[in-house]
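Novice: Structure, please.
(4 chains)
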Number of protein chains: 2
Amino acid sequence: MVRAANTEQGVEAVAGPSHHPLDQSALKHVLGYQISLADIPSKKLFFKFIGEPLKLRPVEFSLMVLVRSNADVTQKQLGQALSLSAPNLTLLLDKLEERGVLARERSELDRRVQHVRLTPAGEDITRRALEASQPMEREWLRFLSDAEKAMLTELLQKVAKHRRG
Amino acid sequence: MVRAANTEQGVEAVAGPSHHPLDQSALKHVLGYQISLADIPSKKLFFKFIGEPLKLRPVEFSLMVLVRSNADVTQKQLGQALSLSAPNLTLLLDKLEERGVLARERSELDRRVQHVRLTPAGEDITRRALEASQPMEREWLRFLSDAEKAMLTELLQKVAKHRRG
DNA sequence: TATTGTTATACTCTATAACTATA
DNA sequence: TATAGTTATAGAGTATAACAATA
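Specialist: Residues are numbered from 1 along each chain as shown, chains lettered A, B, ... in the order given. Predicted coordinates for the structure are as follows:
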């Protein structure tokens, strides 16, 4: 049984040092609140290891990796996987295409469909981003054990898997 | 030991029904990606149970609850607790103050400091929001066991606790 | 000189509707 | 008539710098 080692005080001490810690016990069991808070250091890690060095936003990183792993993926599929609206996705892909890291190709079977693929430059940046994700993931281990990180990942996957409606 | 029951295929089936499931194995162990994905259904639940009925954004809900739990809380403290910049927080509080749900008062001891408190209308809406959070939390149990939800909360708290730098 | 909070402003991201083209 | 994707546009959220008041 993985047991987090934080005390009540630890959890509630969210104000900066030299400040009276805030009581956030009323939000302690609100899972959405905890997810939002956890997203903050997560994004910080991302920008340090991937975002700034490779000039990629989180959603761009996800897109590139999904395109790389899925030959002939369509925009529809990408939009559903990442919960992006069609217009939003179009603009995102426009920017990445202008940058020269990916390309769109009309499907021969259904001319409405656009297949997305990485360019060689896109392959390169995505490979480097995935490489950089390794030390990034190790950084989590500074405050999460290996077992805790695996458990957290597994539970979050279970949550994400059930997002319908 | 809590063990998530998803299969490899289950985890990777993120495209809609009738679509070829996307391979997202390359992102499986990227914790930040899983947090982002989990945030989607989480926000959806929030808007259904709290956001739409009470006309509150997630950050507004968090602010109101923290103000309610912490007498004489300052803007500085709120900003640090929720990682909000001072200008951003000012605008958020302006809007909530105009709406009549909270009020600011200059500290007598340090005239630079603003103390934030709820108005009676703010007390009312916050109480109702916290009440609505109970069925919202129960909704998670549709795809997470009690033990899993508790574990997830605990692990996320541990992550959020260490956000410094 | 440092801190708390505000104002002003520009930028980015997102949401919506209307549209094109294909099926 | 429905679907994939685009364009146009408005709105909301965020980031930055310059500022005022106080310590």
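
Novice: in chain A, which spans are strands?
Specialist: All strands of chain A, identified by DSSP state E, fall at A:73-74, A:102-106, A:114-118.

Novice: Please identify the deepest-packed of the ones you listed.
Specialist: Mean neighbour count (mean count of other CB atoms under 10 Å in any protein chain shown) peaks for strand A:73-74 among the strands of chain A, with a mean of 21. For every residue, glycine as well, the C-beta is placed using N, CA and C.

Novice: DNA strand D contacts on chain A?
Specialist: A:74-76, A:79, A:86-87, A:89-91, A:93-94, A:104, A:110, A:112-114 (CB under 7 Å from any atom of the strand).

Novice: related to what we said a few turns ago, a markdown table for the strands of chain A, including distance to residue B:58?
Specialist: Formatted as a markdown table, the strands of chain A follow (distance: least, CB to CB, whole Å):
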| stretch | distance to residue B:58 |
| --- | --- |
| strand A:73-74 | 31 |
| strand A:102-106 | 32 |
| strand A:114-118 | 31 |
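
Novice: For residue B:133, find the nearest of these.
Specialist: Comparison of the strands of chain A against residue B:133 by CB to CB identifies strand A:73-74 as nearest, at 37.7 Å.

Novice: What is the distance between that closest one and the centre of its chain?
Specialist: Relative to the mean C-alpha coordinate of its chain, strand A:73-74 is positioned 19 Å out (CA atoms, centre = their mean, to the nearest Å).

Novice: helices or strands next to that strand in the packing?
Specialist: strand A:114-118 (3 or more CB pairs under 8 Å, 6 or more residues apart in numbering or on different chains; DSSP states H and E).

Novice: list the contacts for residue A:142?
Specialist: residue B:162 (CB atoms under 8 Å, 6 or more residues apart in numbering or on different chains).

Novice: I should have written residue A:116 there, sorry.
Specialist: A:67, A:73, A:74, A:75, A:78, A:93, A:102, A:103, A:104, A:105.

Novice: Repeat that for residue A:59.
Specialist: By CB under 8 Å, 6+ apart, the neighbours of residue A:59 are A:82, A:84, A:92.

Novice: try residue A:122
Specialist: A:64, A:67, A:68, A:96, A:100, A:101, A:102.

Novice: Counting neighbours, which bits of the longest helix seen in chain A end up buried?
Specialist: When chain A is parsed with DSSP state H, its longest helix is helix A:120-140. Neighbour-count burial for helix A:120-140 flags A:122, A:123, A:125, A:126, A:129, A:130, A:132, A:133, A:136, A:137, A:139, A:140 (criterion: 16 or more other CB atoms under 10 Å in any protein chain shown).

Novice: before we move on, the earlier item: now a PyMOL select for only the buried ones of the residues of chain A next to DNA strand D.
Specialist: Typed into PyMOL, the line below selects the buried ones among the residues of chain A next to DNA strand D, using 16+ other CB under 10 Å:
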select buried, chain A and resi 74+75+76+79+89+93+114
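
Novice: which among the residues of chain A next to DNA strand D gets closest to DNA strand C?
Specialist: residue A:87 (3.2 Å; CB to the nearest atom of the strand).

Novice: measure the closest one to residue A:79 for me?
Specialist: For residue A:87, the distance to residue A:79 equals 10 Å [CB to CB, to the nearest Å].

Novice: Let's have the strands of chain A in CSV, adding mean pLDDT.
Specialist: Formatted as CSV, these follow (pLDDT from 0 to 100):
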stretch, mean pLDDT
strand A:73-74, 98
strand A:102-106, 97
strand A:114-118, 98
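
Novice: Out of those strands, which is closest to DNA strand C?
Specialist: strand A:102-106 (7.9 Å).

Novice: So that closest one, near chain B or not?
Specialist: No. Against chain B, strand A:102-106 shows no contacts by CB under 8 Å from any CB of the partner chain, the least distance being 15.7 Å.

Novice: Run through who's touching that strand.
Specialist: Contact with strand A:102-106 is made by A:64, A:67, A:75, A:93, A:96-97, A:113-119, A:122, as judged by CB under 8 Å, 6+ apart.

Novice: what's the pLDDT at the nearest residue to residue A:85 once chain neighbours are set aside?
Specialist: Leaving aside its chain neighbours, residue A:85 sits nearest to residue A:79 (6.9 Å; criterion: CB to CB, 6 or more residues apart in numbering or on different chains). Per-residue confidence at residue A:79 stands at 97 (pLDDT).

Novice: residues contacting residue A:79?
Specialist: Taking CB under 8 Å, 6+ apart, one finds A:85, A:86, A:89 in contact with residue A:79.

Novice: In helices, which of these fall?
Specialist: Counting by DSSP H, the contacts of residue A:79 contribute A:86, A:89 to helices.

Novice: low-confidence ranges in chain A?
Specialist: Counting by pLDDT under 70, the low-confidence segments of chain A come to A:1-20, A:164-165.

Novice: How much space separates residue A:88 from residue A:82?
Specialist: Taken as CB to CB, the span from residue A:88 to residue A:82 is 10 Å.

Novice: what's the answer for residue A:65, then?
Specialist: 11 Å.

Novice: Right, I'll leave it there.
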